[in-house]
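1. sharing a model that was predicted from the sequence below.
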Amino acid sequence: MIPVRCFMLCLIYFPIGCSSTLPDGNSETDTESTSDTNTTLEPSVSDTNDPSRVNADPRDSPKPETPGEAFQAIKQSLEAGDVYGFAACLSGDSQVFLVSSVLPVLHSLPAIKLERKDEVFALMSRHQISPGGKPKISNNIAEHEAMMADMRRQAGLVKDKPKFLAEFDKFSAGIIVDLYGSLSLAEIIDVTIDGDSASAQMTIGKRNDRVKFKRENGGWRLHIYNKDGSAAELKSSADRKAS
């Protein structure tokens, strides 16, 4: 059986033809095989409203007053392994992308860990996701893009995305922190604010990138993915010189 962590990393780091990969995660494969995760399973209704299954309490939405405060909150959350705090400081579009990235794993968990089927269906039910909306994993570019578009549609149904992600993390702790943990080592400088948008220079070691922020829900949020799932990072200074 495929370990959940490996499956998750494959889906996010190696999405065929998808422009919404993480930094330094652009990889492609030439294989032609297609795997279908559509497995008929029925949710266990008795488990849906069990309070013991609720693993994350809702919090007040953070309201960082500056992009710098938002970035520091993200760093502190990642260092503490706080998935909720990390996700709550992302823009709405970025939250949708993050949820859509883990949904294929969530849909596949009952087949991988049958003993946790009831927990998976309870989590889906709490967040208005249908267990029947299983993705078809494919290395065909068009099919992959269609599948991810449907995952973003499902992600849009989730009202409290930080809570959903924190609860998902209970199934395979550390995946989200591992994927974005490098942000905890970064610093931002040269913040430029233009209305409800902002940009800054982000440094991680010798690497320099421009990052974006949005002011949403009364506070600043790191904006790393657009609504269509494409990466929102701005060009680095080196890229701008090269172009």
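-> Good, I have the coordinates.

2. okay, now residue 196: neighbour count?
-> When neighbours are counted by other C-beta atoms under 10 Å, residue 196 registers 10. The C-beta positions use only the backbone N, C-alpha and C, and glycine is treated the same way.

3. correct me, but it touches residue 214?
-> Yes: applying C-beta atoms under 8 Å, one finds residue 196 in contact with residue 214, separated by 6.3 Å.

4. which ones are touching the most centrally placed residue in the chain?
-> The structure's the chain has its C-alpha centroid closest to residue 98; by C-alpha atoms, centre = their mean the separation is 1.5 Å. Going by C-beta atoms under 8 Å, 6 or more residues apart in numbering, residue 98 touches 87, 90, 161, 165, 176, 225.

5. ok, of those residues, which come out buried?
-> 87, 90, 161, 165, 176, 225 (16 or more other C-beta atoms under 10 Å).

6. quick check: residue 107 is in a strand.
-> No: applying DSSP: H, G, I helix; E, B strand; the rest coil, one finds residue 107 to be helix, outside a strand.

7. can you get me a residue count around the residue nearest to it when sequence neighbours are not counted?
-> Nearest non-adjacent residue to residue 107, counting by C-beta to C-beta, 6 or more residues apart in numbering: residue 134, 4.6 Å away. By other C-beta under 10 Å, the residues close to residue 134 number 22.

8. enumerate every residue touching residue 93.
-> Counted by C-beta under 8 Å, 6+ apart, residue 93 has contacts 223, 225-227, 232.

9. the residue nearest to it when sequence neighbours are not counted and residue 124, how far apart?
-> Closest residue to residue 93 apart from its sequence neighbours, by C-beta to C-beta, 6+ apart: residue 227 at 4.7 Å. Using C-beta to C-beta, to the nearest Å, residue 227 is found at 23 Å from residue 124.

10. so between those two, which is more surrounded?
-> Taking neighbours as other C-beta under 10 Å, residue 227 and residue 124 compare with residue 124 leading, 23 against 14.

11. which strand or helix spans the more buried one?
-> helix 117-126 (DSSP states H and E).

12. packing partners for whatever helix or strand comes next after that helix?
-> The first helix or strand that comes after helix 117-126 along the chain, using DSSP H and E, is strand 136-138. Counting by 3 or more C-beta pairs under 8 Å, 6 or more residues apart in numbering; DSSP states H and E, the packing neighbours recorded for strand 136-138 are strand 34-36, helix 141-156.
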